[in-house]
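My questions concern the predicted model and sequence given below.
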Amino acid sequence: MQFVKTKEDCQNLMDVVADTARILLESGAETYRVEDTAFRMSKSIQKVNKINVFVSYTCIIICLSFDFGDLVTMRRTIPKATNLWKIHQINNFSRNFVKDEYTLDESIKIINDIDNRTVDKKMYILGAAAASGLFAHLLVGGIIEPIVAFFISILEMLVFRFFQRKENPQFVNTYVTVAFMTFLTLVTLKIFGVFDIALDMNSIIVGCIMPFVPGVSITNSVRDVLSGDLLSGISSMINAIITALSIALGVGSILYFAVMMEAI
């Protein structure tokens, strides 16, 4: 049981619980998992009479009732890319927190360390490029197309990271990046065509868009709806649909203009 002496200790512990839930949600965890983690951690705090935890796709609200009154904390969240490392670390931390293995100061430090851990940009880009190449290989079974998809995906992810820093809407970032990738693919096909080397355009494009396909969002949204979390499920589903539309528009618009200009 997390020992509390003052009202300030209660508020600090609530902040730890809320930040734990926020990191989980931003890292791609399911809504029910976030709620369950926050509830179990709150239950381990001493002198708690009543617990209310509400988690939606973009908001976390935690209300704990003590003898001296109620305390409420809220976190506005924006789900980011899936980060399984953070989910794993937070799961370990929450279990140890419930077992009362950390002091308040240690809990705050661990949460800050996990939250501030950034993804290695080089590994992120190379991982996405490798996935694109492997998907292209699965589709066409050749050698040249996966290599082309690998290098195009590297440029594609560099462009995506650049637009992410501009804090544009996710729809815009995805659309511009996928459109750039499609244009680069058509240019590459023309270059190889000069040397009478035929490449499969479909496998390269499909392979390169795979890092942007919202598979996790679709899966989580269906799971949330089936478990009764309609607000989170519908919100996540809409976000996945918008992302899918941006991918389709990015590819379709470039191919449409290419056909109109008789480039393909």
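Structure received.

C-alpha from now on. contacts and neighbour counts both.
Noted.

Okay, helices next: where are they in the chain?
Under the criterion DSSP state H, the chain contains helices at 7-26, 31-43, 84-98, 104-116, 121-140, 144-165, 170-194, 201-209, 215-226, 230-260.

What is the least confident helix or strand in the protein?
helix 215-226 (a mean of 84; mean pLDDT, DSSP states H and E).

List the buried residues in that one.
Using 16 or more other CA atoms under 10 Å as the test for burial, helix 215-226 gives 217-218, 220-225.

Tabulate those residues in a markdown table, adding columns for distance to Arg95.
Putting the buried residues of helix 215-226 into a markdown table (distance: CA to CA, whole Å) gives the following:
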| residue | distance to Arg95 |
| --- | --- |
| Ser217 | 26 |
| Ile218 | 28 |
| Asn220 | 23 |
| Ser221 | 25 |
| Val222 | 27 |
| Arg223 | 23 |
| Asp224 | 23 |
| Val225 | 27 |
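
Closest one of those residues to Thr31?
Of all those, Asp224 has the smallest distance to Thr31: 6.7 Å, by CA to CA.

State the distance from that closest one to Ile218.
10 Å (CA to CA, to the nearest Å).

ok, now which ones touch the residue nearest the centre of the chain?
Nearest to the geometric centre of the chain sits Ala81, at 2.2 Å (CA atoms, centre = their mean). Shown in contact with Ala81 (CA atoms under 8 Å, 6 or more residues apart in numbering): 26-28.

do the same with Phe163
Counting by CA under 8 Å, 6+ apart, Phe163 touches Asn173.

Report pLDDT for it.
Per-residue confidence (pLDDT) for Phe163: 87.

How about Met1?
57.

Run through the stretch 151-264 of the chain and note the low-pLDDT ranges.
Along the stretch 151-264 of the chain, segments meeting pLDDT under 70 span 263-264.

distance of Ile90 from Ile108?
When Ile90 is compared with Ile108 (using CA to CA), they lie 12 Å apart.

Which one of those two is surrounded by more residues?
Per other CA atoms under 10 Å, whichever of Ile90 and Ile108 has more neighbours is Ile90, with 21 against 18.

picking up where we left off before, go through the helices of the chain and pick out the most buried.
Comparing these by mean neighbour count (mean count of other CA atoms under 10 Å), helix 201-209 comes out on top with a mean of 23.

so how far is it from its chain's centroid?
Put simply, helix 201-209 sits 22 Å off its chain's centre (CA atoms, centre = their mean, to the nearest Å).

No more questions from me, cheers.
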